[in-house]
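1. sequence and computational prediction follow.
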Number of protein chains: 2
Amino acid sequence: MASVNRITVLAVGLIGGSLAKALREKNYANEIVGWGRNESTLQRAIELGVIDSYELDLAQAVQGSDIVVIATPTLIAVDMLQQLAELVPATTIITDVASVKGNLLRAAKQFFGEVPANLVLGHPIAGSEKSGVEAVNEKLFINHRVILTPSQETSIEAVSTITDMWEVTGADVVTMAVDDHDEVLAATSHLPHILAYALVDALAGQKEQQDIFRFAAGGFRDFTRIASSDPKMWHDIALANDKALLKMIDLFSAQMNELRDAIAKADSEAITGCFTRAKAARDHFSDILSKQHQSTITDE
Amino acid sequence: MASVNRITVLAVGLIGGSLAKALREKNYANEIVGWGRNESTLQRAIELGVIDSYELDLAQAVQGSDIVVIATPTLIAVDMLQQLAELVPATTIITDVASVKGNLLRAAKQFFGEVPANLVLGHPIAGSEKSGVEAVNEKLFINHRVILTPSQETSIEAVSTITDMWEVTGADVVTMAVDDHDEVLAATSHLPHILAYALVDALAGQKEQQDIFRFAAGGFRDFTRIASSDPKMWHDIALANDKALLKMIDLFSAQMNELRDAIAKADSEAITGCFTRAKAARDHFSDILSKQHQSTITDE
């Protein structure tokens, strides 16, 4: 029983490919079509059972599709929206998987003249340190959140269809306002990545670099793991979500300045207050996470 | 075959207790004596096979010992040094396990009038999110580094004895200058803890706190794990190592300001440069760590 006739996934990387494979295994659509620029990747996706067929021509790829999923890197998603504005009818639902939503909403208004009713912006909170079609995992979204950010203009039926699609993969679908999404992600994901990159880059520039890394222990390893993430992807995210990210950087820097002053003045009460509040909040978060049964290394 | 007759461990918590238990299991000393303020903890340590006996009186505890290990919290270690200056002869080796070494070296000069030849400052790079005698683990130091920081005044024989003691626990012993130790630890351990505490405290103060923690994923969990560390312990470390830590905070803040400017100006080259260098350094560190076969969650 297929619920949808044809789905097109634009770019068959980790996220797009994992979605396609999960939907294929559940027989959710009659046909899942991949599109991309690299034909060998698309051929490999067929070998791996990720897609049913592929097209190199975008117009051909989206022709007759019920759902088009933009799964390209963040900044390229804007170009895709521009091209889709010319290519797809209002009966085709457009959705995406990018980590930032505000820039796409603004792009949609520009290219479509208004927020189109058939556009459902979305963001699966799932990922891996690996990337590309070889890393595809049909279980990637199980018990992970997918945030959809519909606007007032968005069709309720379109939101319902995309919610169904993600639930088929095992994901837990929630909705949020676009601005709230971008602020929450700036706080919990984009800012931590920036801090980890800045810390490791600062230390790597020190003359004691060899010693520094030689004597670092488990806490450092966990704290800096996200500095191994793809630089190109995070460059795109930083620029796409610059406004919310700069706000969070400034919030954090103000906090750091206070803490620096407290250490310089040996203000035990201020230092202990900050550390104690942070521990309580982190322990609370740990409880939430364990209740969600989150299991894998995930972040985007 | 016992190499040493009597060892006294001052405070039988996670580190002191794990050291005592590891040495007992290897039959390294004829007697391992615990000292502390809480008699029920010391009784429990005997039940758990951590120590052979205990004393509540410090003079009794250190009487006739070959080695006295200060394993109290960081700032209390200074008080212990002051008391030991009156109590132990030059034939007793004094060592410690604190995370900062410069403040203890300064305290030793003050209390002993000079750096005593029988003082071997040390720091095992091992720990756990748990603490106290119930968390004692005789395998805690296996394949972990112990940094000793002897001065010119330190007896070579004393350094050799303390090196042997740690090697018996399975640790990998290295030596460093006191200032180098405190700078390296400020960079790789103390600064990351400060950043994690500051981040979580800043976010916990936001009105969207509930949402922020609800939608945080694995990257945030790893990045902020160390914000669950003991606030009192890290307060002590921050103050004991204030000079090196403030230097590292300023180095980091300068890097963050540059990155903030680059994002605000959409300077792709600067952003990508920082992220790419950081990823290369972190991947290099990851290789070093995997070669060391480090296995457990450890940091101090």
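-> Now that the structure is in, tell me what you want to look at.

2. only C-alpha atoms from now on, for both contacts and neighbour counts.
-> Will do.

3. and stretch A:141-157, end to end?
-> Terminal residues of stretch A:141-157 lie 22 Å apart, using CA to CA, to the nearest Å.

4. pull out the buried residues from it.
-> By neighbour count with 16 or more other CA atoms under 10 Å in any protein chain shown, stretch A:141-157 contains the buried residues A:141-151, A:154-155.

5. and that stretch, what's its mean pLDDT?
-> Mean pLDDT, computed over stretch A:141-157, is 96.

6. can you list contacts of that stretch?
-> With contacts defined as CA atoms under 8 Å, 6 or more residues apart in numbering or on different chains, stretch A:141-157 is touched by A:19, A:101, A:115-126, A:159, A:166, A:169-178, A:181, A:292-294, B:215.

7. so is whatever helix or strand residue A:21 lives in next to chain B?
-> Taking DSSP states H and E as the criterion, residue A:21 maps to helix A:14-25. No - counting by CA under 8 Å from any CA of the partner chain, chain B is not contacted by helix A:14-25; separation bottoms out at 15.8 Å.

8. out of the buried residues of stretch A:141-157, which is nearest to residue B:254?
-> Residue B:254 has its nearest neighbour among those in residue A:147, at 34.7 Å by CA to CA.

9. distance of the most centrally placed residue in chain A from residue A:177?
-> Here the mean C-alpha position of chain A is nearest to the C-alpha of residue A:99 (CA atoms, centre = their mean), at a distance of 3.4 Å. Residue A:99 is 14 Å from residue A:177, where distance means CA to CA.

10. please apply the same query to residue A:68.
-> Counting by CA to CA - residue A:68 and residue A:177 are separated by 22 Å.

11. comparing those two, which residue is more hemmed in?
-> residue A:68 (26 against 15; other CA atoms under 10 Å in any protein chain shown).

12. what helices or strands is the host helix or strand of that one leaning on?
-> Assessed by DSSP H and E, residue A:68 sits inside strand A:67-70. Of the remaining helices and strands, those touching strand A:67-70 by 3 or more CA pairs under 8 Å, 6 or more residues apart in numbering or on different chains; DSSP states H and E are strand A:4-10, strand A:93-96.

13. give me the residues contacting the helix holding residue A:21.
-> A:9-11, A:29, A:32, A:45, A:49-51, A:69-72, A:97, A:127, A:130-141, A:165, A:168-169.

14. which among those residues end up buried?
-> Of the contacts of helix A:14-25, these count as buried by 16+ other CA under 10 Å: A:9-11, A:29, A:32, A:45, A:50-51, A:69-72, A:97, A:127, A:133, A:136-138, A:140-141, A:165, A:168-169.

15. check residue A:181 and give its pLDDT.
-> 95.

16. compute the first-to-last residue distance for stretch A:45-55.
-> With CA to CA, one end of stretch A:45-55 sits 12 Å from the other.

17. so for it, mean pLDDT?
-> According to the model, stretch A:45-55 has a mean pLDDT of 98.

18. now do stretch A:281-300
-> Regarding stretch A:281-300, the rounded mean pLDDT is 66.

19. what do you get for stretch A:66-76?
-> 95.

20. picking up where we left off before, the helix holding residue A:21 to strand A:4-10, inter-axis angle?
-> 160 degrees (axes from the mean of the first three to the mean of the last three CA atoms, to 10 degrees).

21. may I have helix A:14-25 as CSV, with CA atoms only?
-> The C-alpha coordinates for helix A:14-25 follow below in CSV (Å, rounded to 0.1, in the frame of the first residue of the first chain):
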residue,chain,number,x,y,z
LEU,A,14,23.3,11.2,4.1
ILE,A,15,19.9,12.8,5.0
GLY,A,16,18.2,12.7,1.6
GLY,A,17,19.4,9.1,1.0
SER,A,18,18.4,7.9,4.5
LEU,A,19,14.9,9.4,4.1
ALA,A,20,14.6,7.8,0.6
LYS,A,21,15.7,4.4,1.9
ALA,A,22,13.5,4.5,5.0
LEU,A,23,10.4,5.3,2.8
ARG,A,24,11.3,2.7,0.2
GLU,A,25,11.5,0.0,2.9
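
22. residues in contact with the following helix or strand past that helix?
-> Counting by DSSP H and E, the next helix or strand C-terminal to helix A:14-25 is strand A:29-35. With CA under 8 Å, 6+ apart as the test, strand A:29-35 has contacts from A:2-12, A:20, A:23-24, A:42, A:51-58, A:61.

23. other SSEs contacting the helix or strand following strand A:29-35?
-> Downstream of strand A:29-35, the next assigned helix or strand under DSSP H and E is helix A:39-47. Counting by 3+ CA pairs under 8 Å, 6+ apart, the packing neighbours recorded for helix A:39-47 are strand A:53-55.

24. quick check: next helix or strand after the strand it packs on?
-> Downstream of strand A:53-55 (by DSSP H and E), the next one is helix A:58-62.

25. what is the mean pLDDT for that following helix?
-> 98.

26. next one: it to chain centre, how far?
-> Relative to its chain's centre, helix A:58-62 lies at 24 Å (CA atoms, centre = their mean, to the nearest Å).

27. who wins for proximity to chain B among the helices and strands packed on strand A:67-70?
-> For the helices and strands packed on strand A:67-70, proximity to chain B was assessed by CA to the nearest CA; strand A:93-96 is nearest, at 18.3 Å.

28. now do the SS call for residue A:173.
-> What DSSP: H, G, I helix; E, B strand; the rest coil gives for residue A:173 is strand.

29. show the pLDDT at it.
-> 97.
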